[in-house]
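**Q** Need coordinates for the below:
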Amino acid sequence: MSGKKKSLSIMAGIMCLCLIFSGVRVKAEENPETDIVTSVDETESDMLIIDGLKFKIDRENGTACACGTSGSLSKLVIPGTIPFEGNNIPVTEIADYAFEDSTLKSVKIGENVIRIGEGAFAFCPSLKKAAFPLGCKEIGDAAFFMCNRLADIDIGSATGITYIGEGAFAGTALDDFLVPDKTEEIGASAFAGCSAMRSITIGKKCSWIGDGAFSGCSALSSITVSGKNKYLSCNDGCLYSFDGTILLSAAAVSGELVLPEGLTAIQPYAFEDNTRVSSVVLPKNLKELSEYSFYNCTGLKKIKFSDNITFIGDNAFSGCTGLKTITIPAACGTVQGNPFKYCTKLSKIKVAKGNKNYKAVKGMLTSYDKKTIIAAPAKSGSYTLYSKCRSIGDFAFCGNTKLEKLELNTQFKTIGAAAFYDCKGLKYIFFPNSGVSLPESEYIEDIYTDEMQYCPVFGECSSGLEINIPFEAESGAKGSLEYLINLHTGGKAIITAR
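**A** Residues are numbered from 1 along each chain as shown. Predicted coordinates for the structure are as follows:
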């Protein structure tokens, strides 16, 4: 619920794609060892099965694409060529999701393959070894996604690779990786969740690293960039644009970090899942803090803003369970959403003197007029809302496990989406009147993906949650307070009326 972002929304998207395509997976035959050669006419191509491997023929280009097996295999060798109508034609591609969720233990890819398709080997739990050919140019999105035993990759000779796709090696057991000199782009989340990854070396032509490319690489201690690379640079474990103005990844940082004064932008997910960084000092030239920039940095205890920060993105510090206090700078004009979801120790949010947009009330971040609570990640025990409060914003208490009882004031009006999502310690809420409004749907549009996300106000709260409301003449009617509470608790709350 804290929103993953692109990095986690990418993961979810990749997984969804894999699941969608798994629905059309061809059932394996009983005897995979039998050599079968068949030809089925299609509009633009022919299908062949040779030695248990399926191939799709492109007559126009005189090439073949490996697209699956007719049975279970442990060792896969994609040939360089296959016989077809009296000729040997090159196998130049591995189809999208061709060997997804298979029993393969090793893969050797033929010398003519130039593209490995999306999800081609995704979810192969036994795959340990893969060897790439010299001429391979593209490793597709999620190509080896969640092959959690894949540790041995012979990519050193595959110098032609220009693109490593989104989530391509995410969730594998790689411990180091050499990005070839011809690789120009590494996609978002490409190595996310590679918890054994210790080092990565980036070649001379790579000009872009996608969001969260190294998220969750908890052992990563070394990022090296070729001295001939004119697009990227590396310093103190951080990966920057060549001029040092954009921080792309801080996955290898540990301890205390003072960012350089020339830095003007931090990419979303740059520090995501870095559990070893303990404190960060932001430079004066940095004015905006991107969404998810420090997401889930559980070891982060201190962040020092510059006075010039004007924007703090949604989920910027979500999941930073080590943060205890934070001060919103005077210049900050926009706090997007709730940047502090699941910050379970953040008991005090302060606002610097002179800020004309926000206030701090009893350790909570509020609007300047104090009418809306924006963030209250660690409010604990029993609490009665202060008299000026009229609304609780989206996700305001999200992930707060310490709040037990809450009494709304008599003038209170609105509760936002997922305002109390995953507040597992919440046992009792008192509604003083029936005029309080909740969202009419459990879904809201995600501002990053434009997709609808499930955001019930009391989602994942305790099934023993008691909500006390005044008696309503239209009790249970659609749109009534009782109806909306049932909607946002899945009917699990104990509703008591007086």
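**Q** how near is the nearest residue to A376 once chain neighbours are set aside to I328?
**A** Spatially, and ignoring its direct neighbours in sequence, A376 is nearest to M364 (4.2 Å; C-beta to C-beta, 6 or more residues apart in numbering). Where C-beta positions appear, they are placed from N, C-alpha and C, glycine not excepted. From M364 across to I328, the span is 12 Å (C-beta to C-beta, to the nearest Å).
**Q** ok so, going back, could you give the bridge partners of the residue nearest to A376?
**A** On the basis of DSSP bridges, M364 is bridged to V361.
**Q** what's near enough to touch it?
**A** I349, I373, I374, A375, A376, K379 (C-beta atoms under 8 Å, 6 or more residues apart in numbering).
**Q** how about a cut-off of 7 Å?
**A** I349, I373, A375, A376, K379 (C-beta atoms under 7 Å, 6 or more residues apart in numbering).
**Q** Identify the residues contacting the nearest residue to S387 once chain neighbours are set aside.
**A** Nearest residue to S387 in three dimensions, chain neighbours excluded: N409, at 5.7 Å (C-beta to C-beta, 6+ apart). By C-beta under 7 Å, 6+ apart, the contact list for N409 reads L385, S387, C389, P432.
**Q** Please give the element, helix or strand, for N409.
**A** For N409, there is no host helix or strand (DSSP states H and E).
**Q** same check, this time on H488
**A** Here H488 is assigned to helix 481-489, by DSSP H and E.
**Q** Point out the other elements, helices or strands, that that helix touches.
**A** Applying 3 or more C-beta pairs under 7 Å, 6 or more residues apart in numbering; DSSP states H and E, one finds that helix 481-489 contacts strand 466-469.
**Q** Buried ones in stretch 388-401, by neighbour count?
**A** For stretch 388-401, a neighbour-count test (16 or more other C-beta atoms under 10 Å) marks C389, R390, S391, I392, G393, D394, F395, A396, F397, C398, G399, N400 as buried.
**Q** Considering those residues, which is situated nearest to D422?
**A** G399 (5.1 Å; C-beta to C-beta).
**Q** Pull the number of nearby residues for V77.
**A** 14 (other C-beta atoms under 10 Å).
**Q** What subset of the contacts of N409 is buried?
**A** L385, C389, P432.
**Q** which of those has the weakest pLDDT?
**A** When the buried ones among the contacts of N409 are compared on pLDDT, P432 comes out lowest, with 93.
**Q** Of the buried ones among the contacts of N409, which is the nearest to G62?
**A** C389 (71.6 Å).
**Q** so the closest one touches A376, yeah?
**A** No. The criterion here is C-beta atoms under 7 Å, and C389 misses it with A376 at 10.6 Å.
**Q** Okay, now the unreliable bits of this protein?
**A** Flagging of the chain using pLDDT under 70 yields the residue ranges 1-45, 156-158, 448, 473-474.
**Q** From the recorded domain assignment, give the ranges for it.
**A** 1-214, 379-498 (automatic domain parsing).
**Q** Could you dump those into a markdown table and include distance to G354?
**A** Shown next, in a markdown table, are the domains of the chain (distance: least, C-beta to C-beta, whole Å):
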| stretch | distance to G354 |
| --- | --- |
| domain 1-214 | 30 |
| domain 379-498 | 21 |
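**Q** so which of these is the most packed in?
**A** domain 1-214 (a mean of 19; mean count of other C-beta atoms under 10 Å).
**Q** before we move on, back to that, just checking, what packs against the following helix or strand past the helix holding H488?
**A** For helix 481-489, the following helix or strand on the C-terminal side (DSSP H and E) is strand 494-497. Judged by 3+ C-beta pairs under 7 Å, 6+ apart, the packing partners of strand 494-497 are strand 466-469.
**Q** L438 contacts E482, doesn't it?
**A** No. Contact criterion C-beta under 7 Å: L438 and E482 do not qualify, at 10.8 Å.
**Q** Tell me where the stretch 301-450 of the chain has helices.
**A** With DSSP state H, counting those that start in this stretch as the definition, the stretch 301-450 of the chain shows no helices.
**Q** Can you tell me how far the residue lying closest to S254 once chain neighbours are set aside is from C136?
**A** The shortest distance from S254 to any non-neighbouring residue, by C-beta to C-beta, 6+ apart, is to R276 (3.8 Å). Relative to C136, R276 is positioned 34 Å away (C-beta to C-beta).
**Q** Who is V335 paired with across the strands?
**A** For V335, the beta-bridge partners are I312 (DSSP bridges).
**Q** Give me the distance between it and Y358.
**A** 6 Å.
**Q** for the buried ones among the contacts of N409, which one is nearest G203?
**A** C389 (55.1 Å).
**Q** Just to check, E111 is in contact with F132?
**A** No. With contact defined as C-beta under 7 Å, E111 does not count as touching F132 (10.1 Å).
**Q** Which neighbours do these two have in common?
**A** By C-beta under 7 Å, 6+ apart, no residue touches both E111 and F132.
**Q** is the nearest residue to Y428 once chain neighbours are set aside in a bridge, and if so with what?
**A** Nearest non-adjacent residue to Y428, counting by C-beta to C-beta, 6+ apart: K405, 4.5 Å away. On the basis of DSSP bridges, K405 is bridged to S382, Y428.
**Q** In this structure K405 contacts G425, no?
**A** No. Using C-beta under 7 Å, K405 is not in contact with G425, being 9.6 Å away.
**Q** got the residue ranges for the strands in the stretch 151-300 of the chain?
**A** 152-154, 163-164, 176-178, 185-186, 199-202, 208-209, 222-225, 232-235, 238-241, 246-249, 255-258, 265-266, 277-281, 288-289 (DSSP state E, counting those that start in this stretch).
**Q** Name the surrounding residues that touch the fifth one.
**A** So that's strand 199-202. Contacts for strand 199-202 (C-beta under 7 Å, 6+ apart): D176, F177, L178, V179, S221, S222, I223, T224, V225, S226, N229, L232.
**Q** next one: the third one
**A** Contact partners of strand 176-178, identified using C-beta under 7 Å, 6+ apart, comprise I155, G156, F191, M197, R198, S199, I200, T201.
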